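Participant: Sequence below, structure please.
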Amino acid sequence: MKIYSIILIAALLVLVSSCSPALPQDSTKEGSARPLKFGAVYQLSGPQAYYGDMARYGLELAVEDINSAGGIDGRKVVVVYEDSAGDKSKATTSAKKLIEVDDVDALFTITPPMAGSVSPVAEGGKVPYIYIGSADIFAINKSYVFKDYPSPIDLCKVLAVKAKDEGYSSIALFGRNDEVTSLCKDGATGISNLSIFETYNPGDFDFKAQLSKIKASKSEALILYGLADECPALFKQIKELGLDVRLFLPVQSFACGSDANTKPYEGLLSGAFGSDIALDEASQDPTFLSFKKRLGERNWAIHIRGSALEYDIVNEMAEAYKGCQDHACAADHLRLLQRKGLTGAVSYEGGQIVRREVMLTKFSDGKWVKAE
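Facilitator: Predicted coordinates for the structure are as follows:
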């Protein structure tokens, strides 16, 4: 009887074992873990698609390289896109969907308005998030939100230094009524007193009143801080009013000094200076030349500097996830990150806001080049 009982118990154990769900595999073993999901809330349509395109090109090349090198601790990276169309409420909804439905491990956006919409969602969802944008405020006192773009203080400081070196004693500043322009003012006034400081509200495209005041101030130089889609109206009204000033453009290649905004206004930009991330597009560095060639092969060379920046940012996130199995670990690694990429050296110095080099550019012979 005892023998039969033992056989019956053994049979039941085999049956239970065969019906029980398999335990999850060790996620540290190569090929055994689910992929890491990177979520991108980009402006893929609408008037700001220019920004979304440049970011997407860099992200895709970065993911290709990460996966071809074996992924992150053996885990491949996949990308889930959401189109914000430049709409802040749509960006918020998209970020929530990526976190709550797609279960992403990281988030990326570009421009301050999108950062302002996505930051509270990322922080609340405890998902590491890096945004490209000049505004610091969205990353201050956060644990999961990181800002990667040079400070407006540094961008405008280098322009004010150049304006002073060029002999301009009367320098005006005109920009959007937001934190970015306020920080720009701090950087400029640390070098020289401003002759006049004017702002406009987001969404405004009639700047004649402010530009007329700048003209009446007899300023010789103008630091102009606008978004790319606002710059054509700014340039057009500067010409119409006959405002004769030397232009100094922060975030040069991303805003008023972008290719799209430069070509129609080459005469107005004669002798202009800009400030931007530290990437010389005439560089002969083999790594950069390879990156540039790959963009060209895919007909993706819309904005090389912006694509290179996003390429570096995605690699920052990938490096932060090495050795990590959760979001908090990756965020901790980002704070301690120190690396050098296509766009220069990067460090978050234990916080949420990056420290980056700034490059001075000038408009010469119909194109923007690194200033000597």
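
Participant: where in this protein is pLDDT low?
Facilitator: Scanning the chain for pLDDT under 70 picks out 1-32.

Participant: what distance separates the longest helix seen in it from the middle of the whole chain?
Facilitator: With secondary structure taken from DSSP state H, the chain has its longest helix at helix 49-68. Distance of helix 49-68 from the chain centroid (Cα atoms, centre = their mean, to the nearest Å) equals 12 Å.

Participant: tell me what it is packed against?
Facilitator: The contact analysis (3 or more Cβ pairs under 8 Å, 6 or more residues apart in numbering; DSSP states H and E) places helix 49-68 against strand 36-42, strand 77-83, strand 106-110, helix 286-297, helix 304-320. (Glycine included, C-beta is placed from N, CA and C.)

Participant: can you list these in CSV and add distance to G257 and mean neighbour count?
Facilitator: CSV is the format used below for these (distance: least, Cβ to Cβ, whole Å; neighbours: other Cβ atoms under 10 Å):
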stretch, distance to G257, mean neighbour count
strand 36-42, 22, 25
strand 77-83, 26, 19
strand 106-110, 17, 29
helix 286-297, 19, 14
helix 304-320, 11, 24
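
Participant: Compare the ones you listed and report which one is nearest to A209.
Facilitator: A209 lies closest, by Cβ to Cβ, to one member of the helices and strands packed on helix 49-68: strand 106-110, at 30.4 Å.

Participant: Quick one: work out the angle between whichever helix or strand comes after the closest one and strand 106-110.
Facilitator: Using DSSP states H and E, the helix or strand that follows strand 106-110 in sequence is helix 112-125. Going by axes from the mean of the first three to the mean of the last three Cα atoms, to 10 degrees, helix 112-125 is angled at 160 degrees with respect to strand 106-110.

Participant: In CSV, could you pull the C-alpha coordinates for helix 112-125?
Facilitator: Taking Å, rounded to 0.1, in the frame of the first residue of the first chain, the C-alpha atoms of helix 112-125 are listed here in CSV:
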residue,chain,number,x,y,z
PRO,A,112,11.5,73.0,-24.6
PRO,A,113,7.7,73.0,-25.2
MET,A,114,7.7,69.2,-25.7
ALA,A,115,10.0,68.8,-22.7
GLY,A,116,7.6,70.7,-20.5
SER,A,117,4.8,68.4,-21.4
VAL,A,118,6.6,65.1,-21.1
SER,A,119,8.7,65.8,-18.0
PRO,A,120,6.0,65.4,-15.4
VAL,A,121,4.8,62.2,-17.1
ALA,A,122,8.2,60.6,-17.1
GLU,A,123,8.9,61.7,-13.5
GLY,A,124,5.6,60.3,-12.3
GLY,A,125,6.1,57.1,-14.2
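
Participant: Okay, angle between the longest helix of the chain and helix 286-297 too, please.
Facilitator: Going by the same axes, to 10 degrees, helix 49-68 makes 120 degrees with helix 286-297.

Participant: quick check: angle from helix 49-68 to strand 36-42?
Facilitator: 170 degrees.

Participant: who's in contact with the nearest residue to I132 once chain neighbours are set aside?
Facilitator: Leaving aside its chain neighbours, I132 sits nearest to I110 (4.3 Å; criterion: Cβ to Cβ, 6 or more residues apart in numbering). By Cβ atoms under 8 Å, 6 or more residues apart in numbering, the contact list for I110 reads Y42, Q43, Y51, G52, M54, A55, Y131, I132, G133, G306, E310.

Participant: how close does I110 sit to K215?
Facilitator: From I110 over to K215 the distance is 33 Å, taken as Cβ to Cβ, to the nearest Å.

Participant: now K76
Facilitator: Going from K76 to K215 by Cβ to Cβ gives 57 Å.

Participant: OK, contacts around K215?
Facilitator: L241, G242, L243.

Participant: if we go to 6 Å?
Facilitator: K215 sits next to L241, L243 when contact means Cβ atoms under 6 Å, 6 or more residues apart in numbering.

Participant: sec struct for it, please.
Facilitator: helix (DSSP: H, G, I helix; E, B strand; the rest coil).

Participant: G341 versus F291, what's the distance?
Facilitator: 10 Å.

Participant: Tell me if D102 really is in a strand.
Facilitator: No: judged by three-state DSSP, D102 forms no part of a strand; its state is coil.

Participant: I figured it hits V80, correct?
Facilitator: Yes: the criterion here is Cβ atoms under 6 Å, and D102 meets it with V80 at 4.9 Å.

Participant: quick one, helices of the stretch 201-350 of the chain?
Facilitator: Counting by DSSP state H, counting those that start in this stretch, the stretch 201-350 of the chain has helices at residues 208-216, 231-240, 259-262, 286-297, 304-320, 327-335.

Participant: Fine by me, we can end here.
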